[in-house]
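Chemist: Following is a predicted model, sequence given first.
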Amino acid sequence: MSINTTTPASPDKLEELVAEADTGKRNPAGKISIGLLFLVPLMWSLFQLWTGSPLPSQFGIGFLNDTQSRAIHLAFAVFLAFLAFPAFSKSPTRHIPWLDYALAFLVAGCASYLFVFYDQLAMRPGLPTTTDLIVSAVGLILTLEAARRSLGPALMLVALFFLLYVFFGDSPALPEILRWKGASFEKAMNHMWLTTEGVFGIALGVSSGFVFLFVLFGALLNQAGAGNYFIKVAFALLGHMRGGPAKAAVLSSAMTGLISGSSIANVVTTGTFTIPLMKKVGFSAEKAGAVEVSSSVNGVIMPPVMGAVAFLMVEYVGIPYIDVVKHAFLPATISYIALLYIVHLEALKADMKGLPRSTPARTWTAQLIRSGIVITSMLILAGMLYYIVSALKWLLGDFSNIGLLVFVVIGYFGLLYISSKAEDLEIDASDEAIIKLPVFAEVYKAGLYYLVPLVVLVWFLMVERKSPGLSAFWACMLMAFILLTQKPLKAWFRKQDQVVHQAKSGFIDLIEGLNTGARNMIGIGVATATAGIIVGTVTLTGIGQVMAEFVELVSGGVLIIMLLMVALISLVLGMGLPTTANYIVVSSLMASVVVELGAQSGLIVPMIAIHMFVFYFGIMADVTPPVGLASFAAAAVSGGDPIKTGFTAFFYSMRTALLPFLFIFNTDLLLIDVTFVEGVVVFIVSLAAMLIFAAGTQGYFMDRSRWYESGALLLIAFTLFRPGFWLDMTQAPYQERPSHEMYRYIDQHPKLDMLRVSVEGENLDGRWISKTVHMPVSSQGDAATRLYQGAGIELREEEGKYLIDNLSFGSYAEQQKLDFDWEITQFETETDRPAKEWFYVPAFVLAVLVAWRQRKRKANRL
């Protein structure tokens, strides 16, 4: 074990670290300051619960449109940013200077200006008064300062850079390819502050409408004790295995990641317990910290919240929320299982042991049977729940909502009664030696009722298909009810004389949860508003098209180089930007660029794939040195070297960095256009590929690998992930056919629903475009009718060429940025060739051969 280069941080220091990153470092002693920092977040939570509820629309009281609610949302966020976050590292934390009070009220006034004067602004769109311009300018400047305080200088500097481009983009000092005509002060302020194109745009709307309630739900769930429950369950399940604490850290971080959008808070919450235990079983300080960092950062990619990015994807990609969850689920699950395997390999290499069991060891057969029984029981219970709810809705008709509410409450009471018979789970001290592990049969009972709000949330999202905001609202209301009742009901079930005292304690827990949830939102609210400046610059200046030309010039039109550039930009920006802001910035600039240039290379990249690509590399920045904030947090807990911890975590996270490239070229990983059976096959094969990739990079499979064995394992992993690569080398996937045969081909194939077409022409900027697109084809009529109904496009024949004659407004063809008079140069049909899955056979044979050689070598050595 390596020697620690620093002393592990104290609990107070760790709390300060989380506060500095998420809730605000300032902890004043004055009554007014304490009152403001207590009441304002509480009012913010109550305001968001009110606007997220169905009550305003049903009763017509307090109803706010999107712009008004965004204005108040931002007013709360920036006001708290000035009060909770000191201006500089040496600024006072025990009191709030008068200047910060003044700035807080001033910026809150500028933000709420759109709410107070909404009707007047609506009467004069695009004609701002002098007061409008002054408010806009002051608001922009102070929002940038709020971002600097709460998030560090990086996002503020990036936004300032884009803002300068708005005004000075016509400077001769800029390369000609980057220039634009520039904007007046009046036009810029109107665009950035007084419309929904800039600060008050989609990103802030998502923060106000969806994200706040999900973050609040996580805070309430954690306040109820779910975080500690998840950690105990993870240790009871995995603690006895080789390197057990590390595996438990991965599982507990995955579970807490479901309710936490902050990788740093996740590191500190679970790491204070798991990192010292990892060190006790043989992990070095740096490796223990790296395992926690990798698992905590991955928590952000786990549906349903995904660090708020899931809801932004709904708006930016234009697909339903449930589809975002579907596309994100498989890569996230595979990544976590692979991290568990990496930990297992590390434990094997160091011959580590697990923590002492509390019960006699079972054979693998018994454990497998028991796991099968548990999984089968859970599936049966899920099916029963579905049919019970369906039956209640059918029987009760118009009164089904009341009946379902009673059903949920009865279920909660029943599970709470079971939990009351078990001992409450205390938070263990991480510096105490564990004599024996908790027993799963005892631990799981203690928090069964925590599953009720999670089930309700998933039910509303996945089964009822309610909006994310409404789903989170009902989940929050249920959590509020649980916080108020869990302690007094437990005391009553246990026949204790503390029911009134516990009821008061439950009320305090609820208030603290509401306060914490709002303070956790300060950074996200400010980040989405500041990122709106960058998005506003893109829409005002058209820099997106400039970026496309620049990237195409630098990359030479080679897609893989383009993707590497996007990955590098995401990493560099993400080193100082929160994940949400990084995703907004890079996706706004680069997503359409990659899709467009990919089409020019003949590769049709779904928009969701490139958005996931940007998102994955954005979270990698929390790991990557020299910034890697999560790595510094883990090093503070472990006492290890932060830079070495970051590099080790990055090495462990290579599987996460690999996945984005893979699902660009193999969209099956995102479950795009696959059946259920195909999805199961994709999951099994992709999981095998990722585990083999992990073994190849770790240098250990069944035994320590020789260099050629590691190379073989990496080749196997690549083949399993992208079998089509080798098939394309032997036979082209598409046959090129002249455009004059297209109508006849469509008529001959009545079941055809999608056609791959190559087009070229000059766009409005005078740039020659050549690209390939998929065109939907309807099922009724002749070829021309089917093309128009499916893609919204009409063609004309002219001198043997097929040219675009008309585009239906809002049609698929228009969304693909096709234009009038562009030529259909050819269309492509799939060639008749063997299934790409045949390449799985030699890959698995080679894997078996490597495993056999290593097992034989290991047996001979023993």
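Modeler: Noted; the coordinates are in hand.
Chemist: Show me the chain divided up by domain.
Modeler: Per automatic domain parsing, the domain ranges recorded for the chain read 11-204, 524-726, 734-830.
Chemist: Quick one: end-to-end distance for the longest one.
Modeler: End-to-end distance of domain 524-726 (C-alpha to C-alpha, to the nearest Å): 44 Å.
Chemist: Looking at it now, give me its mean pLDDT.
Modeler: Taken as a whole, domain 524-726 has a mean pLDDT of 81.
Chemist: next structured bit after whichever strand or helix holds Cys110?
Modeler: Secondary structure from DSSP states H and E places Cys110 in helix 98-116. Next along the chain after helix 98-116, taking DSSP H and E as the criterion, comes helix 118-123.
Chemist: How far away from the center of its chain is that next one?
Modeler: Centroid separation for helix 118-123 versus its chain: 36 Å, with C-alpha atoms, centre = their mean, to the nearest Å.
Chemist: Can you tell me what sits against that helix?
Modeler: Contacts with helix 118-123, where a contact means C-beta atoms under 8 Å, 6 or more residues apart in numbering, come from Thr67, Gln68, Ala71, Leu114, Asp132, Leu194. C-beta coordinates here come from the backbone N, C-alpha and C atoms, glycine included.
Chemist: What ranges does the stretch 701-850 of the chain have for its helices?
Modeler: 707-721, 724-730, 742-748, 783-791, 812-815, 840-861 (DSSP state H, counting those that start in this stretch).
Chemist: Now do the buried residues in the fifth one.
Modeler: Looking back up the chat, that one is helix 812-815. By neighbour count on 16 or more other C-beta atoms under 10 Å, the buried set for helix 812-815 is Tyr812, Ala813.
Chemist: and it, how far out from the chain's middle?
Modeler: The chain centre lies 28 Å from the centre of helix 812-815; the measure is C-alpha atoms, centre = their mean.
Chemist: Pull the residues that contact stretch 543-551.
Modeler: 165, 177-178, 180, 537-538, 562, 565, 588-590, 592-593, 596-597, 765, 767.
Chemist: give me that answer again for 10 Å
Modeler: Applying C-beta atoms under 10 Å, 6 or more residues apart in numbering, the external contacts of stretch 543-551 come out as 162, 165-166, 169, 175, 177-180, 534, 537-538, 557, 561-562, 565-566, 569, 588-597, 600, 763-765, 767.
Chemist: go on, stretch 85-102?
Modeler: So stretch 85-102 is contacted by 16, 19-20, 23-30, 32-34, 36-37, 79, 81-84, 103-104, 145-146, 148-151, 522-523, 526 (C-beta under 10 Å, 6+ apart).
Chemist: So which of those are in helices?
Modeler: Of the contacts of stretch 85-102, the ones assigned to helices by DSSP state H are 16, 32-34, 36-37, 79, 81-84, 103-104, 145-146, 148-151, 522-523, 526.
Chemist: one step back: identify the farthest-apart pair in the contacts of helix 118-123.
Modeler: Gln68 and Asp132 (16.5 Å; C-beta to C-beta).
Chemist: Which one's more surrounded, these two?
Modeler: Legend: neighbour count by other C-beta atoms under 10 Å for Gln68 and Asp132, higher for Asp132 (21 against 18).
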